[in-house]
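Enquirer: Got a sequence here, can you build the structure:
(one chain, ligands or ions: 2)
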Amino acid sequence: MSNTTLSHLEQIKVDSRHLRGTIEEGLNDPVTGAISDDDNKLLKFHGSYQQDDRDIREERRKQKLEPAYSFMIRARLPGGVVTPAQWLVFDDIATTYAGRGLRITTRQTFQWHGVIKRDLKPTMQAINKAMATTIAACGDVNRQVVSSVNPLLSSQHRLVQEWTQKLSDHFIPRTRAYHEIWLDGEKITDEPEEEPIYGDTYLPRKFKIGVAIPPTNDSDVFAQDLGLIAIIENGELRGFNVAIGGGMGATHGDDTTYARLGSLIGFVPPEQLIAVAEGVITLQRDYGNRVERQHARLKYTIDHRGLDWFKEQLEARTGITLQAVRPYHFDQNGDRYGWEEGEDGKWHLGLYIESGRLWDVDGGQLQTGIREIAKILRGEFRMTCNQNLVIANVAAKDRGKIDKLVAQYGLDGYKQQSGIRRHSIACVALPTCGLAMAESERYLPQLLPKLEALLDQHGLANEPILLRLSGCPNGCSRPYLGEIALVGRAMGRYDLRLGANYTGERLNVPYRQNIAEPEILSTLDTLFGDYAKHRQSGEKFGDFLVRTEVIPAPSQKLIPIVLDTVV
Ligand code: SRM
Ligand code: SF4
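Expert: Ligands and ions are numbered 1, 2, ... in the order given. Okay, the predicted model is just below:
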């Protein structure tokens, strides 16, 4: 029998009066540290998730206590730009209200973990006072728009950052709910409220836009629902190649869910960019699957209907004929570390931040160190999609002062680090992520030294290798684009995936499933040995595995989904 029932979340959205629900009442309920399940789903659209501390979940259950509820808050900071003044406010929020410092995410923004219910509103207000917001950082809307870091390296990079901001602003929900709930804005009573782009039920699922500036694919442009490759010719931004339908999320054991690289469908000049982006988003709004959330991302809409169909509809809807894809070339994916000089003589310092966590624990002082830098910085901060940080726009005369603080607070690790460490990402996972099946952020510091020892034995210590760890197959570290990736199955057990390429243009494949650390290390030891002996000059690890047929040449995996109904 056909399933035509809208998913429960669709009904919640319909009934929510543009994302209000009963969030406000829930916040004021002193009996519990939680809010209702339905409101929790709406809260995501406001940039926050209810979580509980999984380290003590069992103990509290035994003591018949409710879970230790708290909230994760995510900021919307297009392109990852933060002024020093904002940084100091965000840092203060981390110290005053949150429990685990500041966390730079794989989408260039901050998360604060561990904010308890009564502090949620003051935290949102503090973020707002710093001229930032959390609206639509999560939820079924266009999220944080990411972009290649260091736009300040040229005037064209700066232009691309402006487009990043414009895209972000254009797709912000128009509901006044955020102001009413968090900022004590005046309540709308009878006036009808419009959501001109999203309508009453917003999108079927989250939607992500990312911009990359060749030759650097640091934003993993093919992992985005809408990936834009900036085309700069003769020093001028001509426009963007458009890739649609990228996405990472999958479910173990369910072949109808899969990671997919975005498909290039054409080129648009800057003046047509917003219209084309709106066309893609509104097509997904109208044709995305609202019955089964696991098949609701744009990638499934495209594979279900066909890429040609989607492109035709897009051109018909926008009245814009996409031009042919322009030539481009990526030669790297990760971040650059150390000082670099921009064309205007200003300097930019790339720092490695392990898993993006800035938190003064175990004798470390990374959070304090960046705070001290923020106090004297005349430039700005840029967060990267690899969870790292750039101290940007520094005058040559100020470099010495920054270097001193960097050394004093142990932020100078990047100078001696191995190639694999410099290219490592781990998602948050335990203890806060409710979906984690295995450790990730907390496992990386244990795993890296063991991998480094193996690589060192084979003379590969400096080899840049993309390493991605995820605590479950949702893929928040974009693991399917790792030359080596571990995807959590159960505590201490992972799928080992291999063979993506260094530039983020090829997916990896599963090599071993559900294995524990000893097998992970012994498997990689053998492969590192072969790589050291038989690689060709300049050949990257992922390419070597494909050339020598250790793994089959990975191809785009497109499994047609048979859906009963697409609403
Ligand atoms: Fe993610 C859900 C953390 C980037 C795919 N992600 C979650 C949640 C909110 C868990 C939940 O739903 O209860 C995680 C919160 C953990 C915590 O305790 O903080 C979470 N995702 C993260 C972050 C913080 C990982 C990190 O270590 O930095 C990243 C925040 C990004 C941001 O600032 O907006 C993060 N998530 C990603 C990415 C990478 C990207 O966007 O470039 C992906 C893969 C790309 C994609 O979307 O296809 C990603 N997250 C998911 C999915 C799977 C979506 C799917 O299509 O199936 C989920 C689960 C879901 O949506 O149902 C998820
Ligand atoms: Fe959580 Fe899974 Fe995302 Fe890691 S990949 S943060 S475990 S949802």
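Enquirer: phi, psi of Asn462?
Expert: phi -100, psi 0 (degrees, to the nearest 10).
Enquirer: beta partners of Asp254?
Expert: Beta bridges link Asp254 to Thr251, judged by DSSP bridges.
Enquirer: per-residue confidence at it?
Expert: Here the pLDDT value assigned to Asp254 is 96.
Enquirer: Please work out how many residues are found near it.
Expert: The tally of other residues near Asp254 (other C-beta atoms under 10 Å) stands at 11. For the C-beta atoms, the positions are set from N, CA and C on the backbone; glycine is no exception.
Enquirer: isn't it right next to Glu292, touching?
Expert: No: using C-beta atoms under 8 Å, Asp254 and Glu292 do not qualify as a contacting pair, with a distance of 11.1 Å.
Enquirer: Surely Asp398 touches Ile373?
Expert: No: here Asp398 does not reach Ile373: they are 10.4 Å apart, not a contact under C-beta under 8 Å.
Enquirer: Looking at these two, which one has more neighbours?
Expert: When Asp398 is set against Ile373 and neighbours are counted by other C-beta under 10 Å, the residue ahead is Ile373, at 24 against 17.
Enquirer: Can you get me the start-to-end distance on stretch 390-398?
Expert: Using C-alpha to C-alpha, to the nearest Å, the end-to-end distance of stretch 390-398 comes to 15 Å.
Enquirer: where do the strands sit along the stretch 351-500 of the chain?
Expert: Secondary structure of the stretch 351-500 of the chain (DSSP state E, counting those that start in this stretch): strands at 357-358, 380-383, 389-394, 424-426, 467-470, 484-490, 493-498.
Enquirer: Adding distance to His458 as columns, could you present those in TSV?
Expert: Converted to TSV, the strands of the stretch 351-500 of the chain look like this (distance: least, C-beta to C-beta, whole Å):
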stretch	distance to His458
strand 357-358	30
strand 380-383	33
strand 389-394	31
strand 424-426	18
strand 467-470	16
strand 484-490	14
strand 493-498	16
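Enquirer: Format those strands as a markdown table; extra columns: distance to ligand 1, mean neighbour count and mean pLDDT.
Expert: Supplementary listing: the strands of the stretch 351-500 of the chain in a markdown table, determined by distance: least, C-beta to the nearest ligand atom, whole Å; neighbours: other C-beta atoms under 10 Å; pLDDT from 0 to 100:
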| stretch | distance to ligand 1 | mean neighbour count | mean pLDDT |
| --- | --- | --- | --- |
| strand 357-358 | 9 | 24 | 98 |
| strand 380-383 | 9 | 24 | 96 |
| strand 389-394 | 13 | 23 | 96 |
| strand 424-426 | 7 | 28 | 98 |
| strand 467-470 | 8 | 28 | 98 |
| strand 484-490 | 12 | 24 | 98 |
| strand 493-498 | 14 | 23 | 98 |
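Enquirer: so which of the ones you listed comes closest to Thr134?
Expert: Evaluated with C-beta to C-beta, these place strand 380-383 nearest to Thr134, the distance being 15.2 Å.
Enquirer: So which elements touch the closest one?
Expert: Under the contact criterion of 3 or more C-beta pairs under 8 Å, 6 or more residues apart in numbering; DSSP states H and E, strand 380-383 touches strand 81-82, helix 84-96, strand 389-394.
Enquirer: Report the inter-axis angle for the last one versus helix 84-96.
Expert: Here strand 389-394 points in a direction 150 degrees away from that of helix 84-96 (axes from the mean of the first three to the mean of the last three C-alpha atoms, to 10 degrees).
Enquirer: List the contacts of strand 389-394.
Expert: Outside strand 389-394, the residues that touch it by C-beta atoms under 8 Å, 6 or more residues apart in numbering are 104, 149-150, 152, 335, 342, 346-351, 353, 370, 373, 377-384, 402.
Enquirer: residue ranges with poor pLDDT in this protein?
Expert: Low-confidence segments of the chain, defined by pLDDT under 70, are located at 1-3, 188-191, 554-567.
Enquirer: domain parsing for it?
Expert: In terms of domains, the chain is parsed into 8-318, 338-419, 420-565 (source: automatic domain parsing).
Enquirer: can you redo those domains as CSV with distance to Tyr328?
Expert: Formatted as CSV, the entries for the domains of the chain read as follows, by distance: least, C-beta to C-beta, whole Å:
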stretch, distance to Tyr328
domain 8-318, 5
domain 338-419, 18
domain 420-565, 11
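Enquirer: can you tell me the helix or strand for Gln11?
Expert: Element membership of Gln11, judged by DSSP states H and E, is helix 8-15.
Enquirer: Equivalent analysis for Leu19, please.
Expert: Leu19 is part of no helix or strand, with elements assigned from DSSP H and E.
Enquirer: after the helix holding Gln11, next one along is what?
Expert: Once the chain leaves helix 8-15, the following helix or strand, as judged by DSSP H and E, is helix 23-27.
Enquirer: How many residues are close by the residue nearest to Gly475 when sequence neighbours are not counted?
Expert: Nearest residue to Gly475, sequence neighbours excluded (C-beta to C-beta, 6 or more residues apart in numbering): Met248, at 3.2 Å. Applying the criterion other C-beta under 10 Å, we find 27 residues in the vicinity of Met248.
Enquirer: my guess is Met248 meets Gln224, correct?
Expert: No: counting by C-beta under 8 Å, Met248 does not reach Gln224; the two are 9.9 Å apart.
Enquirer: related to what we said a few turns ago, identify whichever of the strands of the stretch 351-500 of the chain lies nearest to Arg143.
Expert: Across the strands of the stretch 351-500 of the chain, Arg143 has its closest neighbour in strand 380-383 (14.7 Å, C-beta to C-beta).
Enquirer: on that earlier part again, now tabulate the helices and strands packed on strand 380-383 in JSON lines and tack on distance to Glu24.
Expert: What follows is the helices and strands packed on strand 380-383, written out as JSON lines (distance: least, C-beta to C-beta, whole Å):
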{"stretch": "strand 81-82", "distance to Glu24": "29"}
{"stretch": "helix 84-96", "distance to Glu24": "21"}
{"stretch": "strand 389-394", "distance to Glu24": "35"}
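Enquirer: can you tell which of these is closest to Asp55?
Expert: So among the helices and strands packed on strand 380-383, helix 84-96 is nearest, using C-beta to C-beta, at 19.5 Å.
Enquirer: and that closest one, is it in reach of ligand 1?
Expert: No: under the criterion of C-beta under 6 Å from any ligand atom, ligand 1 is not reached by helix 84-96; the shortest gap measures 13.6 Å.
Enquirer: wait, does the next helix or strand after that helix contact ligand 1?
Expert: Later in the chain than helix 84-96, the nearest helix or strand by DSSP H and E is strand 102-104. No: applying C-beta under 6 Å from any ligand atom, one finds that strand 102-104 is not in contact with ligand 1, the shortest distance being 6.8 Å.
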